[in-house]
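**Student:** Let me see the structure of the following:
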Amino acid sequence: TRTFYEEHAAQGLEFRRLDTLFGRVLTSAETVISNTPLEDPRAGGIPPGHPSLDAFLGVPLIHGGTFVGMIGVANRPGGYDASVVHIIEPLLSTCAQLIVARRIEVERLRADAEIRKLAMVASRTSNAVILANADGFIEWVNDGFTRLTGYTAEESLGRRPGSFLQGPETDPATVAFMAGRLRAGEGFRAELVNYHRTGRKYWVEVEVQPIRDPDGRVVRFMAIETDITERKNFEQHIVKAREAALEASRVKSQFLANVSHEIRTPLHGVLGMLELLAGTSLSSEQKEYVDGIRSSGRSLLAIVNDILDISKIEAGKLELEAVPVELRALFDDTLRSFAPLAKRKGISLEWTLDPAVPRIVRGDSLRIKQVLRNVVGNALKFTAAGGVKAHVERTSAGAIHIAVEDTGVGIPAERSRAVFEPFT
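**Tutor:** Numbering: from 1, shown residues only. Below is the predicted model of the structure:
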């Protein structure tokens, strides 16, 4: 048996079944003695080539209340009993301690190898990399840290990063957030202001992750810091540019509103005097001139009102009324004003109202007229032959639907969305 184990010491032996004498020790963490293994149903499962079992003793190895392994001995002449277990008890404790120590050593070597590997990679990155212990004190930094902060490794080791990198403009809420996550042993990502050794302020994005031992305890923290100063400066530039644009838009809207009011006052006076002039005795030629001036004056007033509406829209102060509107009268009055233009162009202008449309509806008469004038005026402008038809009907949902059709050139489907774009 001793010879067999010596021959397999390098590669070890595998016991694959747990319904065996060995498996019973592993699954129960209890001592197993069998002096008649050939008659024991648990005697199987030994590796190929293993000598037969004439007697078996399996003893669990316990360290700190935790099962860490077992010792199995076999084929002692005369078998085993509790007295043998008592004799080897000092050996059991020593073996358990050796196993635990070996596991710790293997894990330490593995962790050190990983750290060396990470350090090799980190030393070549342009970002700042920091390794700190569980209390947050720096154990190692790469060259990128020195380039970013101005502090050498010798000046940084044994210090907490925040104690010499943070300053007056570092956000206290961000610092508190980071400290809370570190105390909880959790990773995080944050953006904050740090200060170079020379006092120069810069922005970093820091990502911190905990490094744990096999038992899950945090033993180190690794932090990677990226300089985002250029990005932050650009974002601030965008914010300032947007604020400047909004202010320019506000000033423009205020200017347009003031100018519109200033123009409307004398224009109303001109139109009023024209109304008085039209009521006097005029020759047919003079009457034609007055009507032309009145028409142009009204058009100019409509343009001024549109400019004022644009100012209200940009200022977010344009409100729609919801008052009783006699729709047929509004429709007739608005479209009748286009009749002379249609007659001059030699095209027809028709409008109809569905009988189901109520006489009185609630809406904003000024805006309805405005939209109707724009749409019908545009239809007449681009219709050279045929005519323009406007129709009002009530939908099944109870809404009022106004449609305008013309026989003009129309708009290609791919250009239909451009109707609502400026300067088209």
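**Student:** Could you list the residues in contact with whichever strand in the chain runs longest?
**Tutor:** In the chain, assigned by DSSP state E, the strand with the most residues is strand 201-212. The contact list for strand 201-212, computed with C-beta atoms under 8 Å, 6 or more residues apart in numbering, reads 111, 128, 148, 167, 169, 178, 181-182, 185-196, 218-229, 231-232. (Glycine included, C-beta is placed from N, CA and C.)
**Student:** buried sites along that strand?
**Tutor:** 202-206, 208, 210-211 (16 or more other C-beta atoms under 10 Å).
**Student:** same deal with stretch 370-379?
**Tutor:** For stretch 370-379, the neighbour count (16+ other C-beta under 10 Å) marks 370, 372, 375-376, 379 as buried.
**Student:** Out of those residues, list just those in helices.
**Tutor:** 370, 372, 375-376, 379 (DSSP state H).
**Student:** As a markdown table, those residues with pLDDT and distance to Pro60 would be great.
**Tutor:** A markdown table is the format used below for these (pLDDT from 0 to 100; distance: C-beta to C-beta, whole Å):
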| residue | pLDDT | distance to Pro60 |
| --- | --- | --- |
| Gln370 | 82 | 93 |
| Leu372 | 87 | 95 |
| Val375 | 89 | 93 |
| Val376 | 90 | 98 |
| Ala379 | 90 | 97 |
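**Student:** Can you select the buried ones among the contacts of strand 201-212 for me in PyMOL?
**Tutor:** Applying 16+ other C-beta under 10 Å to the contacts of strand 201-212 leaves a buried subset, and the PyMOL line that selects it is:
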select buried, resi 111+128+148+178+181+182+188+192+193+194+195+218+220+221+222+223+224+225+226+227+228+232
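**Student:** so where's the stretch 51-200 of the chain uncertain?
**Tutor:** Residue ranges of the stretch 51-200 of the chain with pLDDT under 70: 115-125.
**Student:** Would you map the strands across it?
**Tutor:** 56-63, 66-74, 128-133, 138-141, 188-195 (DSSP state E, counting those that start in this stretch).
**Student:** Output these as CSV; include the columns distance to Ala342.
**Tutor:** Shown next, in CSV, are these (distance: least, C-beta to C-beta, whole Å):
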stretch, distance to Ala342
strand 56-63, 104
strand 66-74, 99
strand 128-133, 76
strand 138-141, 83
strand 188-195, 65
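**Student:** Out of the ones you listed, which is closest to Leu92?
**Tutor:** Taking C-beta to C-beta, strand 56-63 is the member of those nearest to Leu92, at 5.8 Å.
**Student:** Note down every partner strand of the closest one and its orientation.
**Tutor:** Looking at strand 56-63 with DSSP bridges, its partner strands are strand 32-34 (antiparallel), strand 66-74 (antiparallel).
**Student:** Residues contacting the last one, please?
**Tutor:** Contacts of strand 66-74 with the rest of the structure, by C-beta under 8 Å, 6+ apart, involve 1, 21-22, 25-26, 29, 53-62, 80, 88, 91-92, 95-96, 99-100, 103.
**Student:** Buried ones in that strand, by neighbour count?
**Tutor:** Buried residues in strand 66-74, counted by 16+ other C-beta under 10 Å: 67-70, 74.
**Student:** before we move on, back to that, what about the contacts of strand 66-74, which are in helices?
**Tutor:** Per DSSP H, the subset of the contacts of strand 66-74 in helices is 21-22, 25-26, 91-92, 95-96, 99-100, 103.
**Student:** among those residues, which ones are buried?
**Tutor:** Counted by 16+ other C-beta under 10 Å, these give 21-22, 25-26, 92, 95-96, 100 as buried.
**Student:** Packing partners of the helix or strand where Leu274 lies?
**Tutor:** Taking DSSP states H and E as the criterion, Leu274 maps to helix 229-278. When contacts are defined as 3 or more C-beta pairs under 8 Å, 6 or more residues apart in numbering; DSSP states H and E, helix 229-278 packs onto strand 201-212, helix 284-314.
**Student:** re the thing from before, could you export the buried residues of strand 201-212 as JSON lines, including pLDDT and distance to Asn133?
**Tutor:** Listed next are the buried residues of strand 201-212 as JSON lines, based on pLDDT from 0 to 100; distance: C-beta to C-beta, whole Å:
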{"residue": "Tyr202", "pLDDT": "95", "distance to Asn133": "26"}
{"residue": "Trp203", "pLDDT": "95", "distance to Asn133": "26"}
{"residue": "Val204", "pLDDT": "95", "distance to Asn133": "21"}
{"residue": "Glu205", "pLDDT": "95", "distance to Asn133": "23"}
{"residue": "Val206", "pLDDT": "95", "distance to Asn133": "17"}
{"residue": "Val208", "pLDDT": "94", "distance to Asn133": "13"}
{"residue": "Pro210", "pLDDT": "93", "distance to Asn133": "11"}
{"residue": "Ile211", "pLDDT": "89", "distance to Asn133": "10"}
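**Student:** Brilliant, that's me finished.
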